[in-house]
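J.: show me the folded form of this:
(one chain, ligands or ions: 2)
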Amino acid sequence: MSNQYTIVLAAGQGTRMKSKLYKVLHPVCGKPMVEHVVGEIEKLEVTKIVTVVGHGAEKVKEHLQGKSDFVMQAEQLGTAHAVLQAKDLLENLDGVTLVVCGDTPLIQSSTMAALMKYHHEKRAKATILTTTVADPTGYGRIVRDDLGIVEKIVEHKDASEKERRITEINTGTYCFDNRSLFAALAKVSNDNAQGEYYLPDVIKILKSEDEVVAAYRMENFEESLGVNDRVALAEAGRIMRARINEAHMRNGVTLIDPAHTYIDVDVEIGQDTVIEPGVTLRGRTRIGSDCVITSGSDFNHAEIGDRVYVRSSAIEESSVGDDVQIGPYAHLRPESVIHDKVKIGNYVETKKATVGKGTKLPHFIYMGDAEIGQNVNVGCGSIAVNYDGKDKFKTVIGDNVFVGCNSNLVAPVTIHSNTYIAAGSTITEDVPEEAMAIARARQVNKEGYIKNLNVGK
Ligand code: UD1
Ligand code: MG
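T.: Ligands and ions are numbered 1, 2, ... in the order given. Okay, the predicted model is just below:
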């Protein structure tokens, strides 16, 4: 096999997206489009990947650091001009160059490999990846002669009425003989409807030089979707989601309604876990086996053990052990570490909190900057008072502590093991081991008070 290079086009602003975010960084199932593309290229083990950056160059580079080399296209004068920026890195090399657009997030490595293979078999100087779509609006059309041989690609805006009726489109992915590509690029002009240097014009140029140009038509037109606006972005999300969800179901995960289950591309889920509709699993979330996650749950970078039951709750950047029950309507904020057999009930919020094995936080609780031991019971309405308006302080609770309802634990404070906090206490001092702390005003009953109030009636 000859050397294989890849150029990813990712310099455009994406005007049609009408967005502050650069087009190729718009996420599809949790990952920027261009990262999907480069991820698939990486599977091919090519010699070199060069990404053309321009708009948002620094941000795009951040996402692809270590995976690609970069060249800068300072002004976006068209896709041919974009490829030309890789000249210094590639021009004098022998081999085959694959060009892929950063806005086609659904393209798969198997398709790129098939394109390369076809290109070699045809001994072509250029091979276009094409497909047939029901609505070709916006795409470049593949113009073939009477014998069916590719003549050129004509952009939608430059196409005649007759050409616009062609449903075979340019997917924006191509293979070129590397030297022929750069020789032809030098001859591309910008004499067209958009005043841009079109990469597809390389086809016409190579044809005029009697070189062999081939077209590899793929069956699965969905893969070719080019995302130029938000409508296509939603469509790409739908297709990617179907792919991801199918893979989980084939791995033994039950999705009650896969069309309404939103799982990012890097999420892992164990066997026999059941996910209800309306659940969103983001980032690097990992869920173990035999869990049940009910509607409305939203996890971001959550690590969940086995046999965990989460009812309609949010979990962010936190870990949960085995046999835990959470919710409904709990919120585990970043750096919550929930150990095995814990029960977190309704309307409970934790943040930077460790909760020891077997501990129960059953209802209406806030525990922030807290370290809670094993077999603790925190009563309804209790709060770790962690913030004085300026700084945050820590609450430490030992093992086997019973915190009565509606207690305020004013941090910094330590409640040692085997203690009891009386309901309604505002604890401002440490509680020594085996003590009972009570910190509230004594009750006063004013006898006859109501009768006196009613005197004037
Ligand atoms: C392009 C093709 C069209 C094809 C379609 C497939 C051209 C002229 N047209 O159209 O035939 O059917 O893709 O989706 O190539 N870019 C740069 N620098 C530039 C211009 C674009 O890096 O100066 C990048 C963009 O960031 C994008 C990619 O190239 O990732 C394609 O550009 P875009 O403007 O989306 O081209 P399309 O109109 O979709
Ligand atoms: Mg496009």
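J.: is there contact, residue-wise, from stretch 164-179 to ligand 1?
T.: Yes: using C-beta under 6 Å from any ligand atom, stretch 164-179 reaches ligand 1 at 169, 170, 171, 172. Just so you know, the C-beta spots here come from the backbone N, C-alpha and C atoms, and that holds for glycine as well.
J.: is the last one in contact with residue 105, as I believe?
T.: Okay, so that is residue 172. No: counting by C-beta atoms under 8 Å, residue 172 stays clear of residue 105, with 11.7 Å between them.
J.: sorry, back to before: go through the residues of stretch 164-179 next to ligand 1 and name the one nearest residue 309.
T.: Set against residue 309, the nearest of the residues of stretch 164-179 next to ligand 1 by C-beta to C-beta is residue 171 (44.8 Å).
J.: these two touch, right, that closest one and residue 133?
T.: No: applying C-beta under 8 Å as the test, residue 171 and residue 133 come out as separate, 9.6 Å apart.
J.: ligand 2 versus residue 33, what's the distance?
T.: Here residue 33 is placed at a distance of 10 Å from ligand 2 (C-beta to the ion, to the nearest Å).
J.: could you measure from the residue nearest to that residue when sequence neighbours are not counted over to ligand 1?
T.: Spatial nearest neighbour of residue 33, chain neighbours left out: residue 105 (4.0 Å); criterion: C-beta to C-beta, 6 or more residues apart in numbering. For residue 105, the distance to ligand 1 equals 10 Å [C-beta to the nearest ligand atom, to the nearest Å].
J.: give the buried residues for the longest helix anywhere in the chain.
T.: Counting by DSSP state H, the longest helix found in the chain is helix 230-250. Within helix 230-250, the residues scored as buried using 16 or more other C-beta atoms under 10 Å are 232, 233, 235, 236, 237, 239, 240, 241, 244, 245, 248.
J.: and the residue in the stretch 301-450 of the chain that ligand 1 sits nearest to, what does it touch?
T.: In the stretch 301-450 of the chain, the residue that lies nearest ligand 1 is residue 301 (28.2 Å; C-beta to the nearest ligand atom). By C-beta atoms under 8 Å, 6 or more residues apart in numbering, residue 301 lies in contact with 282, 283, 284, 285, 316, 317.
J.: show the buried residues in those residues.
T.: Buried subset of the contacts of residue 301 (neighbour count, 16+ other C-beta under 10 Å): 282, 283, 285, 316, 317.
J.: switch these over to TSV; also include pLDDT.
T.: Formatted as TSV, those follow (pLDDT from 0 to 100):
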residue	pLDDT
282	98
283	97
285	98
316	98
317	98
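J.: where along the stretch 101-250 of the chain do the strands fall?
T.: Taking DSSP state E, counting those that start in this stretch as the criterion, the stretch 101-250 of the chain carries its strands at 126-132, 141-144, 150-154, 168-177, 213-217.
J.: verify the stated contact: residue 14 with residue 228.
T.: Yes: contact between residue 14 and residue 228 holds when scored by C-beta under 8 Å: they sit 7.1 Å apart.
J.: who's in contact with the residue of the stretch 1-150 of the chain found nearest ligand 1?
T.: At 2.3 Å from ligand 1, residue 140 is the closest residue in the stretch 1-150 of the chain, using C-beta to the nearest ligand atom. Contacts of residue 140 were listed using C-beta under 8 Å, 6+ apart, and they are 153, 154, 155, 156, 169, 170, 172, 198, 200.
J.: between those residues, which is nearest ligand 2?
T.: Set against ligand 2, the nearest of the contacts of residue 140 by C-beta to the ion is residue 172 (6.4 Å).
J.: walk me through the domains of this structure.
T.: According to automatic domain parsing, the chain comprises the domains 4-224, 313-437.
J.: figure out which of those is closest to residue 291.
T.: Across the domains of the chain, residue 291 has its closest neighbour in domain 313-437 (9.3 Å, C-beta to C-beta).
J.: roughly how far does the residue of the stretch 151-300 of the chain found nearest ligand 1 sit from ligand 2?
T.: For the stretch 151-300 of the chain, the residue closest to ligand 1 is residue 226, as judged by C-beta to the nearest ligand atom, at 2.4 Å. From residue 226 across to ligand 2, the span is 4 Å (C-beta to the ion).
J.: what about that residue, how many residues close to it?
T.: Neighbours of residue 226 under the rule other C-beta atoms under 10 Å: 21.
J.: per-residue confidence at it?
T.: Residue 226 is assigned 94 on the pLDDT scale.
J.: how about JSON lines for the strands of the stretch 101-250 of the chain, with distance to residue 453 added?
T.: As requested, the strands of the stretch 101-250 of the chain are exported to JSON lines (distance: least, C-beta to C-beta, whole Å):
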{"stretch": "strand 126-132", "distance to residue 453": "84"}
{"stretch": "strand 141-144", "distance to residue 453": "88"}
{"stretch": "strand 150-154", "distance to residue 453": "90"}
{"stretch": "strand 168-177", "distance to residue 453": "82"}
{"stretch": "strand 213-217", "distance to residue 453": "90"}
